[in-house]
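S.K.: what follows is a predicted protein model with its sequence.
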Amino acid sequence: MTATEREQRTSEADALCAAAYEKAGGADVGSALVAVGGYGRRELAPHSDLDVVLVLDEGVESGVGAARLWYPLWDSGTTIDHSVRELPQMLAAAEADLRVALGLLDV
């Protein structure tokens, strides 16, 4: 698969995730759906899952129910690896694990 084809696959995944986030009522401030891994590097290969993290500012309620966000992605036939973390949790994970820190550099 060429780099251009991987970029196209990533753009399609971006549109899918953005639509799901918006439809689920995702906030413009204090919350973000972040792509990580190969997806975050814009190198989405065939049969890759979408690695996504719903990142929240500390103390912020997402306003996004898991069913309203994750289920439409699953129903689309997309395989996702997902989590929900507050920003301090993301930073603590990066401090504790170099692989996490390197993965977050792409974010």
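M.R.: Arrived safely.

S.K.: pLDDT at residue 86, what is it?
M.R.: Confidence per residue is given as pLDDT, and for residue 86 that number is 89.

S.K.: tell me the bridge partners for it.
M.R.: Residue 86 forms beta bridges with residue 56, as assigned by DSSP bridges.

S.K.: can you offset everything so residue one is 44?
M.R.: Sounds good: first residue 44 from here, last item residue 129.

S.K.: that one: what's it in contact with?
M.R.: Under the criterion of C-beta atoms under 8 Å, 6 or more residues apart in numbering, the contact list for residue 129 reads 98, 99, 100, 101, 102, 103. The way it works is simple: take the backbone N, C-alpha and C, and place the C-beta from them, glycine included.

S.K.: any chance of the residues you listed in TSV, plus pLDDT, distance to residue 136 and neighbour count?
M.R.: Compiled in TSV, those are given as follows (pLDDT from 0 to 100; distance: C-beta to C-beta, whole Å; neighbours: other C-beta atoms under 10 Å):
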residue	pLDDT	distance to residue 136	neighbour count
98	89	11	21
99	87	14	22
100	87	16	13
101	84	14	9
102	79	18	8
103	74	18	14
